[in-house]
Each structure stands twice: as C-alpha cells, then as structure tokens.
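Participant: The following block contains a protein sequence and its predicted model.
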Amino acid sequence: MDAARLKDVPLFSALDRHGLAAVARHADEVDVSAGARLTEQGRLAYEFFAIRQGTATVTRDGETIATLAPGDYFGEIGAIEGERRTADVVADTDMTLIVMHARDFREMLRSTPDVAEQVRAAIAERSPR
C-alpha cells in the first residue's frame, strides 16, 4: 500500500517516512460495501482495521456502543491478544479500510513503538470490564 495514504489515520500520522513505510509493508487497502459485516462478536479475530473513508456502527450484545468514522480503528484487541471479537462492526456506508492480518499487525507494533503505545492505551480504554 502507498505509505502516504497512512498519514490520514491519526494512529499513524506522527510517524516519519520510515515508520510509515514499515506500516505500509504490512497493510492492504480494501473497499467494502454498505451493510458488510466487518467483525462478529464472539468470533476469532484475525485482522486489524483502520477507516480511511466511510462509517460503521459498533454493537455489543445487540446494543449500539459507537459509530466509527475516518481515522478510527478497531480490531486491535483481538489482533494483539488473540481473543475473540468483543463486538460486531457493520459498515453503514461504502468504506475504504486499511487492513492488517493479526500476525502482520503484531510485527508492525514491534517495529513502531510509538504506534504500539497508542494501541495499548486504546485497548485499555476499550476492553470490556
């Protein structure tokens, strides 16, 4: 993927060109249609997602808990901890996503400590109690 396109995602925006290139090596850009189920609560997690364009709704146990927009990301808990998905995420609109498989996501975190710190903070904040 083109590393310059990662600058739009706040999680990656502070990285220098070398950091962006390291992330880009592990990422793919994917388009999905409105209505696509991106994650399913309780299923095994294999990917991390960052939103470039579009919006999605997050539900847990049938209750809406968030609306995600460009710059937001999800799937980090399962990708790092190898756990099952903690929520459903469904595309409200057509979307463009940056996607990393869990193995690549973990490798990216090892090579970019600044991003790893932000992701770990997000996990602490988002983890269901």
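Facilitator: Cool, the structure landed.
Participant: hey, let's count contacts and neighbours off CA atoms from now on
Facilitator: Noted.
Participant: where does this structure dip in pLDDT?
Facilitator: Where the chain drops to pLDDT under 70, the residues are 123, 126-129.
Participant: show me where it has strands.
Facilitator: 28-32, 37-39, 47-53, 56-60, 63-68, 73-74, 88-91, 95-101 (DSSP state E).
Participant: Out of those strands, flag the one nearest residue 12.
Facilitator: Residue 12 lies closest, by C-alpha to C-alpha, to one member of these: strand 47-53, at 10.0 Å.
Participant: Direction included, what does the closest one pair up with?
Facilitator: strand 73-74 (antiparallel), strand 95-101 (antiparallel) (DSSP bridges).
Participant: Okay, angle between that strand and strand 63-68 too, please.
Facilitator: 60 degrees (axes from the mean of the first three to the mean of the last three C-alpha atoms, to 10 degrees).
Participant: contact partners of strand 47-53?
Facilitator: Contact partners of strand 47-53, identified using C-alpha atoms under 8 Å, 6 or more residues apart in numbering, comprise 8-9, 68-76, 78-79, 94-102, 105.
Participant: I'd like the strands paired with strand 47-53 as CSV, with mean neighbour count and distance to residue 60 appended.
Facilitator: Formatted as CSV, the strands paired with strand 47-53 follow (neighbours: other C-alpha atoms under 10 Å; distance: least, C-alpha to C-alpha, whole Å):
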stretch, mean neighbour count, distance to residue 60
strand 73-74, 22, 13
strand 95-101, 21, 21
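Participant: With distance to residue 84 as added columns, please give those in CSV.
Facilitator: Shown next, in CSV, are those (distance: least, C-alpha to C-alpha, whole Å):
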stretch, distance to residue 84
strand 73-74, 13
strand 95-101, 14
